[in-house]
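build the 3D model from these lines:
(one chain, ligands or ions: 1)
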Amino acid sequence: MADAAHTRRVFSGIKPSGGLTMGNYLGAIKRFVEMQNADYQSIYCVVDMHAITVWQEPDDLRHATRELVAAYIASGIDPDKSILFNQSQVSAHAELGWVFNCVARVGWMNRMTQFKDKAGKNAEAVSLGLYAYPSLMAADILIYHATHVPVGEDQKQHVELTRDIAAKFNHDFKVPDFFPQPEPIIDGPATRVMNLRDGTKKMSKSGQSDMERINMTDDAALIAKKFKKAKSDAEPLPETLAGLAGRPEAKNLVEIYAALSDTTPEAVIAEFAGAQWGRFKPALADLAVAKLEPISLEMARLMQDPAEIDRILAKGADKANAIAQPILDKTYDIVGFVRH
Ligand code: TYM
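The predicted structure follows:
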């Protein structure tokens, strides 16, 4: 069982909370498409159960769920090649999540930097779900015996925790190979896309100003405006990559250019060595519009037919369940639950 199940299976997920940013696209979705088109079985999820760890208006959650499916498809995820579904519809995620709540240690959760950042000074008032979140994320991955997990840099610690949970489960129940050790796949030039107004902060859905991020629903004029107004610095672009050190905004814009044009920061520097921002920023704005506008237009088109999106999700959930349920059954047998 283990061998067949452990070969090159990709799992990743995105939260339908608020809109999607170019950070999600370059750091995650674009790379999901590449892995789908390589020799991987790929499973991509809209993690709606993770979204509700912070308050979501029910209508907004429904909208964001469908819009994320539209973004996946508009970016090149093919629901006939990849399994595309929403997490709440495959109950094995929540069921394995509970088992993992009993495997993971409180001390491990206390080390999660994302929880500390999100909870801030308010740790007593946030939901219990936000605290337990990484253990559900481990279940998302391991319920498929997934081996590869493409994510942005900010999710690395959660995938490492997933490995610890897998190892402890296998050890405690004396099933050395049952859960695989999934690999975080964090590569390419855009594993941490930064805010366009402050190159030391991550681009996120929740930042204060809309000008600091590119939303996947922004139109061409707005995308161009945001890049033209993006913060830069007083120097021209350097002659070498090393010259970007200590220049967070310049480094970020070069990395975004590299990711959008499927090249490397080295190649971008070679092309624009010594260029002034007055030349580089319009080139970046044009490139971003050329790459992102077709996606936002296609998303809008797909969103006109929500029933079709729901049909895609239903089919995806059936396929996901067909893989997840036997692994859950086996897990329950290992744990000692009496099954009927
Ligand atoms: P989420 O929804 O916050 O982000 C989805 C994906 O986008 C990446 N990302 C970025 N990459 C580069 N630059 C940025 N500025 C940027 N912002 C976001 C994230 O790293 C992520 O890959 N916990 C996860 C969702 C999740 C999951 C999983 C992922 C739940 N279960 C199982 C993988 C496997 C999250 O909140 O991602």
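
would the one helix or strand D59 maps to count as contacting the ligand?
Here D59 sits within helix 58-75, counting by DSSP states H and E. No - Helix 58-75 stays clear of the ligand (C-beta under 6 Å from any ligand atom), getting no nearer than 8.9 Å. In this view, the C-beta of every residue, glycine as well, is placed from N, C-alpha and C.

so what touches the helix or strand following that helix?
Sequence order places strand 83-86 as the next helix or strand after helix 58-75, per DSSP H and E. Under the contact criterion C-beta atoms under 8 Å, 6 or more residues apart in numbering, strand 83-86 has outside partners 16, 42-48, 65, 69, 72-73, 77, 312-313, 316-317, 319-320, 323.

sheet partners, orientation included, of strand 83-86?
If you go by DSSP bridges, strand 83-86 pairs up with strand 41-46 (parallel).

which neighbouring elements make contact with whatever helix or strand comes next after the strand it pairs with?
Next helix or strand after strand 41-46 toward the C-terminus (DSSP H and E): helix 48-51. Contact partners of helix 48-51 among helices and strands, from 3 or more C-beta pairs under 8 Å, 6 or more residues apart in numbering; DSSP states H and E: helix 58-75, helix 128-142.

then helix 48-51 to CSV, C-alphas only?
Output of helix 48-51 as CSV, limited to C-alpha atoms (Å, rounded to 0.1, in the frame of the first residue of the first chain):
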residue,chain,number,x,y,z
ASP,A,48,-12.8,26.9,3.7
MET,A,49,-12.5,25.3,7.1
HIS,A,50,-9.2,27.1,7.6
ALA,A,51,-10.9,30.4,6.5
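
show me how far that helix is from its chain's centre.
Between the centre of helix 48-51 and the centre of its chain there are 13 Å (C-alpha atoms, centre = their mean, to the nearest Å).

in the stretch 101-250 of the chain, what residue lies closest to the ligand?
G152 (2.5 Å; C-beta to the nearest ligand atom).

measure Y131 to Q114 for me?
11 Å (C-beta to C-beta, to the nearest Å).

and the two? Which one has more around it.
Y131 (18 against 14; other C-beta atoms under 10 Å).

what's near enough to touch the more buried one?
109, 115, 119.

get me the contact residues on this protein for the ligand.
Near the ligand, when you scan the chain using C-beta under 6 Å from any ligand atom, you find 11-15, 23-24, 27-28, 47, 50, 137, 140-141, 149, 151-152, 154-155, 158, 190-193, 202-203.

report the closest residue of the protein relative to the ligand.
G27 (2.0 Å).

give the contact list for the nearest residue to that residue once chain neighbours are set aside.
Ranked by C-beta to C-beta, 6 or more residues apart in numbering and with sequence neighbours excluded, the top spatial neighbour of G27 is G152, at 3.4 Å. With contacts defined as C-beta under 8 Å, 6+ apart, G152 is in contact with 23-24, 27-28, 186, 191-193.

in ChimeraX, select just the buried ones from those residues.
In ChimeraX, this line selects whichever of the contacts of G152 come out buried by 16 or more other C-beta atoms under 10 Å:
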select :23,24,27,28,186,191,192,193
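
output the contacts of G152 in TSV; the columns should cover secondary structure.
Listed next are the contacts of G152 as TSV, based on DSSP: H, G, I helix; E, B strand; the rest coil:
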residue	secondary structure
G23	helix
N24	helix
G27	helix
A28	helix
I186	coil
T191	coil
R192	coil
V193	coil
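
from the contacts of G152, which is closest to W55?
For those, the closest approach to W55 (C-beta to C-beta) belongs to N24, at 20.4 Å.

ok, now which ones touch S12?
28, 32, 43-45, 149-151.

which of those lies closest to P58?
For the contacts of S12, the nearest to P58 is C45 (19.6 Å; C-beta to C-beta).

I figured the closest one hits Q87, correct?
Yes - applying C-beta atoms under 8 Å, one finds C45 in contact with Q87, separated by 5.3 Å.

need the residues touching each of these two.
In contact with both C45 and Q87: 13, 140, using C-beta under 8 Å, 6+ apart.

among those two, which residue is more densely surrounded?
A direct count of neighbours by other C-beta under 10 Å for C45 and Q87 places C45 higher, at 28 against 25.

ok, and the closest non-adjacent residue to the more buried one?
Per C-beta to C-beta, 6+ apart, closest to C45 is G13, 3.9 Å.

tell me the contacts of I143?
I143 neighbours (C-beta under 8 Å, 6+ apart): 90, 92-93, 96, 324, 327-328.

sorry, back to before: now do the helix holding D59: distance to the chain's middle.
The answer for helix 58-75 is 14 Å, by C-alpha atoms, centre = their mean.

helices or strands next to it in the packing?
helix 30-37, strand 41-46, helix 48-51, strand 83-86, helix 277-303, helix 306-335.

just how off-centre is the fourth one within its chain?
Centroid separation between strand 83-86 and its chain, computed with C-alpha atoms, centre = their mean, is 14 Å.

CA atoms of stretch 117-134 as CSV?
Output in CSV follows, covering the C-alpha atoms of stretch 117-134 (Å, rounded to 0.1, in the frame of the first residue of the first chain):
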residue,chain,number,x,y,z
ASP,A,117,1.7,37.1,14.4
LYS,A,118,-2.0,36.7,13.9
ALA,A,119,-3.0,36.5,17.5
GLY,A,120,-0.7,39.3,18.5
LYS,A,121,-1.5,40.7,22.0
ASN,A,122,-5.0,39.3,21.7
ALA,A,123,-4.1,35.6,22.1
GLU,A,124,-6.8,35.0,24.8
ALA,A,125,-9.6,36.2,22.5
VAL,A,126,-8.8,34.4,19.2
SER,A,127,-10.6,31.2,18.3
LEU,A,128,-9.4,27.8,19.4
GLY,A,129,-9.5,26.9,15.7
LEU,A,130,-6.8,29.4,14.9
TYR,A,131,-4.5,27.8,17.5
ALA,A,132,-5.3,24.2,16.2
TYR,A,133,-5.1,25.3,12.6
PRO,A,134,-1.6,23.7,11.8
